[in-house]
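quick one: sequence plus predicted model below, questions after.
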Amino acid sequence: MLRHSFIHLSGVGEHRETAIWRSGIRTWQDFLDNKSFRHKWLLRLSPLVEESLERLEKRDASFFHSNLPGGQRWRLYDEFKEDCAFLDIETTGLFSGESKITVAGLFDGEELKTFVRGRNLDEFVPELNKYSLIVTYGGSCFDLPFIKAEFELDCVSPAHIDLRYVLHRLGYKGGLKTVGGRFGLLREEPIAKVDGWIAPILWREYRRGSSRALEALIRYNAEDVVNLQSLMEKSYILSLRKIPINVPHSKSSENPLRLPDYDPDFLNDFVKKHCI
């Protein structure tokens, strides 16, 4: 989709982009091959389109992230999905005053990597920076600010798609589990009962010496991270259907992944004890 996009160019909004498409110009190459423009204002876009091609050849996802409107960053996915990671973090909550990251998960479509505070969390940012694109759900307001604060970063390097905004434009609102459920992404019991209230309590229980609490927290995080890939794929296809041109799309293969083990009996009792 990115090669069909013009909305990231200065002065081009949704209406002008649609006008470009309807004039028969569907891609950047179509634009550069066109010798006579019906609308003279298109002439000034030539150097910007040339720059877009150059930036794409250099795999500069950050350039497009900076210039695409937030609700249109889903267009990055098809071009950069081979260099994309799905991200989710857990935190201590507000129990200790200053909230910290406890667990961070990264999934690249094939391998799940988990980083735990006190074990290997210091390896998280170097691993994150290996990717050109990251996908989160609500990460603009939650995950990324926490990551910047935790690691004292000015910014998080990879380009970013926040699925909450993409799905909001498509008419889907709510948390990740709620929206995922509407797409058939259901979780088994009792892990389905874990939420933003229970997750920090699991971390506290782990800090008291319970390895089973950490196993449950890691599994909860893994469910979120892995589901993001399916949700991104579905969101991308639905978003394509909203535009007035036909854009080819190659579906990513979703490889079966064995999620981290946990003790369902322990978690079931734990949730019963701590649910209000």
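Received the coordinates, thanks.

helices of the stretch 101-250 of the chain, residue ranges please.
124-128, 143-151, 163-169, 176-182, 198-207, 211-240 (DSSP state H, counting those that start in this stretch).

and stretch 177-193, what's buried?
Residues of stretch 177-193 classed as buried: 177, 179, 180, 183, 185, 187, 190, 191 (neighbour count, 16 or more other Cβ atoms under 10 Å). C-beta: built from backbone N, CA, C; applies to glycine.

straight-line length of it, end to end?
Stretch 177-193 has an end-to-end distance of 10 Å (criterion: Cα to Cα, to the nearest Å).

what's the answer for stretch 68-87, then?
End to end - Cα to Cα - stretch 68-87 spans 21 Å.

buried set for that stretch?
68, 72-81, 84-87.

in strands, which of these fall?
If you go by DSSP state E, those have 84, 85, 86, 87 in strands.

output these as a markdown table; include the columns distance to residue 140 and pLDDT.
Conversion of these to a markdown table gives the following (distance: Cβ to Cβ, whole Å; pLDDT from 0 to 100):
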| residue | distance to residue 140 | pLDDT |
| --- | --- | --- |
| 84 | 17 | 97 |
| 85 | 16 | 97 |
| 86 | 15 | 98 |
| 87 | 12 | 98 |
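
and those residues, which two are furthest apart?
Maximum pairwise distance among those (Cβ to Cβ): 9.9 Å, between 84 and 87.

returning to that earlier point: quick check, nearest of the buried residues of stretch 68-87 to residue 239?
Using Cβ to Cβ, residue 74 comes nearest to residue 239 of the buried residues of stretch 68-87, at 5.0 Å.

next one: that closest one from residue 162, what distance?
Distance from residue 74 to residue 162, counting by Cβ to Cβ, to the nearest Å: 10 Å.

so what's residue 62 closest to, chain neighbours aside?
Leaving out its chain neighbours, the residue that sits closest to residue 62 by Cβ to Cβ, 6 or more residues apart in numbering is residue 159, at 5.2 Å.

that neighbour reaches residue 68, doesn't it?
No. Residue 159 is beyond contact range of residue 68, at 9.1 Å (criterion: Cβ atoms under 8 Å).

now do the shared contacts for those two.
Shared contacts of residue 159 and residue 68, defined by Cβ atoms under 8 Å, 6 or more residues apart in numbering, comprise residue 76.

these two touch, right, residue 158 and residue 136?
No. With contact defined as Cβ under 8 Å, residue 158 does not count as touching residue 136 (10.6 Å).

the two: who's more crowded?
More crowded of residue 158 and residue 136, by other Cβ atoms under 10 Å: residue 136, with 25 against 21.

identify the bridge partners of that one.
Counting by DSSP bridges, residue 136 is bridged to residue 162.

quick one: it and residue 163 touch, right?
Yes. If you go by Cβ under 8 Å, residue 136 and residue 163 touch, sitting 6.9 Å apart.

now do the shared contacts for those two.
By Cβ under 8 Å, 6+ apart, the residues touching both residue 136 and residue 163 are residue 228.

can you pull the contacts of residue 17?
Neighbours of residue 17 in contact, by Cβ under 8 Å, 6+ apart: 5, 6, 7.
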